[in-house]
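In: Next comes the sequence, and after it the predicted model I'd like to discuss.
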Amino acid sequence: MAAPSTITEDAIPSSPGHAPSGLLVSLTPLSGEALEATLANLALAFADRDLLVITPDPTPTTLPTSGHIRLTTYTPATIAPGGWVLTPAEFLEPCKLMREHASTACLLLGPEAQSLAPEALRALADAALTGNADLVTPCYALGPRDGLVNSAILYPVTRSLFGTRPHYPLAIDLAFSMRMAERLAVCAQKFTAANQNAAFIWPVAEAAAAGFSVAEVPAGARTLPRPDGADLNTMLAQVAGSFFADLDAKASFWQRARLAYSPRTAAFARAETTSVQPAAAETPDVQSLLDSFCLAYTNLHEIWSLVLPPNSLLGLKKLSQMPAASFRMSDDLWVRIVYDFILAYRLRTINRGHLLGALTPLYLAWVASHLLLTSGARPETTPPEKHIEALAAAFEIDKPYLVSRWRWPDRFNP
């Protein structure tokens, strides 16, 4: 059993006239400069509220001068490896301290949190504090070449299977209610007890499966940390493997025909700002991506034939013969590829490590197609956000294919 945390409170008195917020702010490890900048942004965001902030870092030498932030440091019960996503250990402490301080909501901020604007911090917290949602995720404003694994797989599949609309199922900043904190802590405890501290937790899927309300708010630009020393093949295998495993564990929920999101959640989605910045009007250099795909078509065709049906293999053959200037992977083909890889992961059609490695060049082909389609260099250019939404709609339309093959895999063998 994990040892209890040790909490040291830095004596920063609450300011007279400030209302109690009922909000706990939990920070992940930050550098001294980043911690000070984050505290300054929190002071601006909650200038009218007293605020309790917890951090595993030593108390900074310079604190916000507003006087209404109470900062506490704690020793985590489980040491989580530093990284670029929220780890299971980082979901345990907020739940415990929310109970101790009778907090009604928590704002959990991930690495590079100092890049979040005060307005985004306040919007995330307010949506949880007012009771509008049990889980609130940010809609980041990213560049057209950022977050493409999310755009290609995580967002459209989560939207299709769980009926939820947040664009970032693996967001590194979250606001949530007490009951959501408890559910996330139970999920996290399973991983930390098994010493799987680098595992991913999928909060949007957890909320949907529990029947909790989910909301999304615009968060503007944000610096997203990158994995240290991980190549694309390793990173994609890590993310997709965790994602596919979570889908397998929640299959009894997402196979239901009903949608999981409520009108209230849909209203938040309609209020979003554009989350992908326009692409530059120039033809992107995708030749290296296409070379990787074409090489894989020759070397991995046998593996792909164990996973994909003949129609998909025929589509890949045509793609391998397309010139770069006209290269285009249809949304329908990409949807079937992803769904069939999810199924192969579940059925262990081949070794899972080999399976996920075989997905990488197919993903690179999708990236090349997406960049060419949205580059702004052609008359028929599609804005990045519009293409991502169209792709998500295609995943929704083809969901019955996944459900049918999941229930009766032998009838649909490739």
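Out: The structure has been received and is ready for your questions.
In: going forward, measure contacts and count neighbours with C-alpha atoms only.
Out: Fine.
In: Okay, buried residues for the one helix or strand His370 maps to please.
Out: For His370, the element it lies in under DSSP states H and E is helix 352-373. Using 16 or more other CA atoms under 10 Å as the burial criterion, the residues of helix 352-373 that qualify are 352, 355-373.
In: in the chain, which residue is closest to the centre?
Out: Leu170 (1.6 Å; CA atoms, centre = their mean).
In: Got the phi and psi for that residue?
Out: phi -110, psi 40 (degrees, to the nearest 10).
In: leaving aside the residues next to it on the chain, what's closest to it?
Out: Spatial nearest neighbour of Leu170, excluding adjacent residues (CA to CA, 6 or more residues apart in numbering): Trp202 at 6.2 Å.
In: okay, now that neighbour: neighbour count?
Out: 18 (other CA atoms under 10 Å).
In: can you pull the contacts of it?
Out: Contact analysis of Trp202 by CA atoms under 8 Å, 6 or more residues apart in numbering lists 169-170, 243, 246.
In: hey, where'd the helices end up in the stretch 201-350 of the chain?
Out: 203-210, 232-249, 251-254, 263-270, 287-299, 301-307, 310-320, 331-347 (DSSP state H, counting those that start in this stretch).
In: didn't Arg159 look like it was pressed against Leu391?
Out: No. In this structure Arg159 lies outside contact range of Leu391 using CA atoms under 8 Å: 10.7 Å.
In: The following helix or strand past the helix holding His370 - what's its average pLDDT?
Out: Moving toward the C-terminus from helix 352-373, the next helix or strand (DSSP H and E) is helix 384-397. Mean pLDDT, computed over helix 384-397, is 96.
In: who does the next helix or strand after helix 384-397 touch, helix- and strand-wise?
Out: Remark: after helix 384-397, the chain's next helix or strand is helix 399-407, criterion DSSP H and E. Other elements packing on helix 399-407 under the criterion 3 or more CA pairs under 8 Å, 6 or more residues apart in numbering; DSSP states H and E are helix 331-347.
In: Buried ones in the helix or strand harbouring Gln189, by neighbour count?
Out: Assigned by DSSP H and E, Gln189 belongs to helix 178-193. For helix 178-193, the neighbour count (16+ other CA under 10 Å) marks 178-185, 187-189, 191-192 as buried.
In: Then stretch 238-258?
Out: 238-244, 246-248, 250-251, 253-255.
In: Quick one: residues in contact with that stretch.
Out: For stretch 238-258, the external contacting residues (CA under 8 Å, 6+ apart) are 154, 161-162, 199-200, 202, 209, 342, 345-346, 356, 403.
In: switch to 6 Å and redo it
Out: 161-162, 342 (CA atoms under 6 Å, 6 or more residues apart in numbering).
In: Rounded mean pLDDT for it, please.
Out: 91.
In: Put the alpha carbons of that stretch into PDB.
Out: Coordinates of each C-alpha in stretch 238-258 appear next as PDB, following Å, rounded to 0.1, in the frame of the first residue of the first chain:
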ATOM      1  CA  GLN A 238       2.700   3.700 -26.900                       C
ATOM      2  CA  VAL A 239      -0.300   5.900 -27.500                       C
ATOM      3  CA  ALA A 240      -2.300   3.700 -29.800                       C
ATOM      4  CA  GLY A 241      -1.600   0.600 -27.700                       C
ATOM      5  CA  SER A 242      -3.000   2.200 -24.600                       C
ATOM      6  CA  PHE A 243      -5.900   3.700 -26.500                       C
ATOM      7  CA  PHE A 244      -6.800   0.300 -28.100                       C
ATOM      8  CA  ALA A 245      -6.600  -1.500 -24.800                       C
ATOM      9  CA  ASP A 246      -8.900   1.100 -23.200                       C
ATOM     10  CA  LEU A 247     -11.400   0.600 -26.000                       C
ATOM     11  CA  ASP A 248     -11.300  -3.100 -25.500                       C
ATOM     12  CA  ALA A 249     -11.900  -2.700 -21.800                       C
ATOM     13  CA  LYS A 250     -14.900  -0.400 -22.400                       C
ATOM     14  CA  ALA A 251     -16.400  -2.300 -25.400                       C
ATOM     15  CA  SER A 252     -19.600  -3.200 -23.500                       C
ATOM     16  CA  PHE A 253     -20.300   0.500 -23.200                       C
ATOM     17  CA  TRP A 254     -19.500   1.900 -26.600                       C
ATOM     18  CA  GLN A 255     -21.300  -0.900 -28.500                       C
ATOM     19  CA  ARG A 256     -24.600   0.500 -27.300                       C
ATOM     20  CA  ALA A 257     -26.500   2.400 -30.000                       C
ATOM     21  CA  ARG A 258     -27.300   5.500 -28.000                       C
END
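In: Give me the distance from it to the chain's centre.
Out: Distance, stretch centre to chain centre, for stretch 238-258: 14 Å (CA atoms, centre = their mean, to the nearest Å).
In: Stretch 237-248 now?
Out: 12 Å.
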